[in-house]
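> Give me coordinates for this.
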Amino acid sequence: MDDTFKLPEDCTDMREVRVGVDTTDRQLMELLGRRFGYMRAAARIKTDRNVVRDETRKAEVIGNAVTDAVSREIPSEKIAEIWELLVETSIAYELEEWDRIRA
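Next up is the predicted model:
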């Protein structure tokens with residue numbers, strides 16, 4: 001597959017759109033890998049398992065994503081749902097890591 005891609009506004013056919021989507025998906029996975037790396041770091045740094053879940057921080061993260069979605073004119077309600085799942089998955093992952101490194 002050709003790894004060069006065009007920005008959405010420069011695409012003229014579906015092949016270019018698909019290359020752009022696939023490239024963007026790979027970039028998103030790289031960023032998610034980094035994000036979960038931060039969850040591993042948090043699990044390592046936090047000395048109390050009970051502080052892994054922080055509802056105030058969760059609301060802040062989701063709120064930031066919604067605000068960003070609104071400014072980008074993308075579906076903010078759906079972004080809130082995606083971020084809810086992302087944060088909950090991150091919390092579960094961090095708890096697993098917290099337990100793993102202290103086993």
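> where along the chain do the helices fall?
Assigned by DSSP state H, the chain shows helices spanning 14-45, 55-72, 76-102.
> ok now the longest one, how far from the chain's centre?
Relative to the chain's own centre, helix 14-45 is displaced by 7 Å; criterion: Cα atoms, centre = their mean, to the nearest Å.
> Give the residue spans of this structure that score low on pLDDT.
The model of the chain has pLDDT under 70 over residues 1-3.
> Let's check: the centremost residue of it is which one?
Leu32 (5.0 Å; Cα atoms, centre = their mean).
> quick one: it from Tyr38, how far?
Taking Cβ to Cβ, to the nearest Å as the measure, Leu32 falls 11 Å from Tyr38. (C-beta placed from N, C-alpha, C; glycine too.)
> What of Glu9?
32 Å.
> before we move on, the earlier item: and among the helices of the chain, the most buried is which?
helix 76-102 (a mean of 15; mean count of other Cβ atoms under 10 Å).
> what's the angle between it and helix 55-72?
Helix 76-102 and helix 55-72 meet at an angle of 140 degrees, taking axes from the mean of the first three to the mean of the last three Cα atoms, to 10 degrees as the criterion.
> so how far is helix 76-102 from its chain's centroid?
9 Å.
> now swap in stretch 61-77 and tell me
For stretch 61-77, the distance to the chain centre is 13 Å (Cα atoms, centre = their mean).
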